[in-house]
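**Q** I would like the atomic coordinates for the input below:
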Amino acid sequence: SDQPEIQAEIYKKDDRLLTFLKEVYVDSRDPPVRVKGGGGEHLPCKQEEKRLTKLGHLGDLDVKKVPKGKISIVEALMVLNNHKLHPQIWTAEKIAVEYSLELKEVNSLLEFFIPFTVQEFPKETRKAI
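**A** From the prediction side, this is the model:
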């Protein structure tokens, strides 16, 4: 707006350019939609199967639903603690069935994650330590 000659140049019609534009024809089409692995029909996406968590009195601390084949943090701690306290009852096989897990994953969990026990010494023995 400060320089009127520039504005005039911008809005000036270029007859040569208009003639070229009249000769241009554009035909545009979207490519057909294809589903990986075959057919051209639209398939609904598979929803992940979930299960309700088994949290007991700790339910407010964790998620309510997890995908099948997985466990929540609170459930993992409960599983490890139950197995530590009662290994003959809470076997890897029972845990796998109870929580819809793979047996090899449960075995790895029980082998590599061991909950520790906090021990508090009585006041009389603290001086001796």
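**Q** in the chain, which residue is closest to the centre?
**A** What sits nearest the mean C-alpha location of the chain, by CA atoms, centre = their mean, is Pro67, with 9.8 Å.
**Q** any low-confidence regions in this protein?
**A** Applying pLDDT under 70 to the chain picks out residues 1, 34-63, 125-129.
**Q** In it, mark out all the helices, start to finish.
**A** In the chain, helices defined by DSSP state H lie at 4-11, 15-23, 73-85, 92-98, 103-112, 123-126, listed in chain order.
**Q** Include distance to Asp30 when you put those into a markdown table, please.
**A** Every C-beta, even on glycine, is put in place using the N, C-alpha and C of the backbone. Converted to a markdown table, the helices of the chain look like this (distance: least, CB to CB, whole Å):
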| stretch | distance to Asp30 |
| --- | --- |
| helix 4-11 | 35 |
| helix 15-23 | 24 |
| helix 73-85 | 46 |
| helix 92-98 | 48 |
| helix 103-112 | 44 |
| helix 123-126 | 77 |
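**Q** I appreciate the help and will end here.
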